[in-house]
Every structure is written in C-alpha cells, then in structure tokens.
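Visitor: Fold the following.
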Amino acid sequence: MSSFKSRFSIHRSMSELLWQEGATLMLLDYDKKKRLRLIRDGDFTINLMVQAVTSILITVCDVGDFRWPLTKDSVVFQVGYRSFMFGLPGLLYGLQFPSNVNECKIDSMVTVFKKFGYYEDLKKDDLTGYPIPDNDAELWEKLRPRLEHPAHRILSQFGHVPGKSRFILPPIIDEISSGLLRATRLSAATKLIRDVIASGELKPVHIHTHIRAASSSSGKKVNNDSYPAFASVSVFTNIVDAVEIAWVKFFDMGRYLKEYNSPAPVDVQLDFKVWRLSQSGIAAFLHILGPYVEHAEKTKQ
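Guide: Okay, the predicted model is just below:
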C-alpha cells in the first residue's frame, strides 16, 4: 500500500490502509426527485481496526469527518478510472477523485476494495459504465439508472432490503425522512462502533459470528477460524434502523410502521467469516448513540 500507518494497544490494532487528498462524496438520494447531494469534499482515508479479544475487524471509509463502513456484504462499483459507487441498505454514494490522482493510488484503492468489500469493475461494461467519462458534469445522473438495479440485486443476494428503508413508513414520516438524514445517522453509528472497539468495550456477548461454508481452489475446506471476522453492513444499519423506529414512535405513529420482507440470502460463493451485533449489542450501542448523532447533525451540510 502507498500509505500505511499502524497503532496498537492491548485492546485493538488500527491501520491506515490508504490516504488520498481531494475526494468528493455525493449522495444519490432515494427521495421522489432522486436528487444528487454533495456530502463532503476532503481527504479520503480507509482505516482497518482489529479487536483481538473478539477476533473481529471493521473497515471504515472517511471523506473529511464523514464516514461509512466498507463491508463484504455491501457494494463497490468502479464506474470510471477515478469514480466509484457504494451501495448500502438505504444509501447510494458516488465517490470521485481529481484528474491528477496517481494511477498507483487507484490500484491500491481497488486492492483494498477487493479485499474488504464486494467489488465489481463496471467501467468497461457497455451497459453500466463507460462511455461516460469521469469529468462529465452529469456522470451520476446518467449512471444511476444503470447502476441502481445491479446494486439492489447484490444487496438482496446478501439478504438486505435495498431502497430507501427496510420499513414502509407512514406518509408524513416518509416525506421528512431524507437520505441525508439516514447518511448522517450512519456516519454517527460508524464512528460510535469504531470508538467502542477502540476502547475495548465491545464484549463477546455483544456479537455473534457466522462462518460461511467455503472451499479452496484445491477443493479442501478453508479453515476460517484463524482469521478475524468481517463486520456485516447490518452491524451499522441495524443501529440506524433502530433509531428510525424510535423516531417514528416519537411521533406516535409506531402502529403504522410495517417492515418489508427481507429477501432470502443467496450463496454468492464468497469465503469470509462475518460478525453481527446481538440484541444486547444493539441495545448497548443505542444507549450511547445520542451524542454522536447530535455531533453529526451539527456538522452535516
């Protein structure tokens, strides 16, 4: 990697896998007008944190002070030489880098995306990527109709509900429940989880781990027990969803809240071990989430 810094403690190790100045992060909103919103301009970093006691890891992307998780069960599409789209439950992001970005830095970035995310290269696909150049002022507006369906398909294969929310929201709540609000909550939840892991406060009782059945190229079963578990995107989005439920109940409309049926996961033949929060883990995080959301609300654009 072209940029690598590490910090160690008795609780965890943290490594900066990549740094690149001058990134632009856009939100492809799910509102009725499907608006394009600027989230942040700033330096882009990818950080890896491993907690030894529970043998788990998280990978976090940042643009400035805004962050989101990079996970094996969410989507990273490369749609141009220096343009990427991220698909998470409830959110679509567009990430772009300046024209003078170093080719080796993009290659390093792709290596990280392949290792810690679900990455697909669509820039040479006539149906989804080029011939739209990176410097096209309407790049995301033109690409969204082509990218949204494959992103939703992959999220569904992992058992996630794609689209604006996993809930059928009451109309009055749906009108004011913007993608920017969900993005702000996800950024706050991501920072919270990162901070709790750094402090060593995340305990085995707060998580459960699922080991995927996988085989090596030789046909022998791969022993996943010796490797840390990758965080599922649901570690982060379940906290956001719980906040959304509490928000609806605050408006005394909980009786109108309905949940979409989650699609059955499809075996996409990936070899990784995944961890999720238990019910006690979600409850513990919700108890301390408030200050993080308040800070994110103050700093959002």
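
Visitor: Would you map the helices across the protein?
Guide: For the chain, helices defined by DSSP state H occupy the ranges 103-116, 139-157, 171-176, 179-199, 234-250, 279-299.

Visitor: Tell me which of those lies nearest to Ile207.
Guide: helix 279-299 (5.8 Å; C-beta to C-beta). The C-beta positions use only the backbone N, C-alpha and C, and glycine is treated the same way.

Visitor: What's the mean pLDDT across the closest one?
Guide: Averaging pLDDT along helix 279-299 yields 69.

Visitor: what does stretch 112-132 give?
Guide: Average pLDDT, stretch 112-132: 79.

Visitor: for that stretch, how far is the first residue from the last?
Guide: 25 Å (C-alpha to C-alpha, to the nearest Å).

Visitor: just stretch 24-38 next, same as before
Guide: Across stretch 24-38, the terminal residues are separated by 8 Å (C-alpha to C-alpha).

Visitor: Tell me which residues of it come out buried.
Guide: Thr24, Leu25, Met26, Leu27, Leu28, Asp29, Tyr30 (16 or more other C-beta atoms under 10 Å).

Visitor: can you check stretch 133-144 too?
Guide: Under the neighbour-count criterion of 16+ other C-beta under 10 Å, stretch 133-144 has Asp134, Leu139, Trp140, Leu143, Arg144 buried.

Visitor: roughly how far apart are Glu16 and Gly200?
Guide: Distance of Glu16 to Gly200, given as C-beta to C-beta, to the nearest Å: 20 Å.

Visitor: Oops, could you answer that again for Ser55 instead?
Guide: Distance from Ser55 to Gly200, by C-beta to C-beta: 14 Å.

Visitor: ok, now Leu88?
Guide: As judged by C-beta to C-beta, Leu88 and Gly200 stand 27 Å apart.

Visitor: quick one, which of these two is more surrounded?
Guide: Between Leu88 and Gly200, Leu88 has the larger neighbour count (other C-beta atoms under 10 Å), namely 25 against 15.

Visitor: pLDDT score assigned to that one?
Guide: Here, the pLDDT recorded for Leu88 equals 97.
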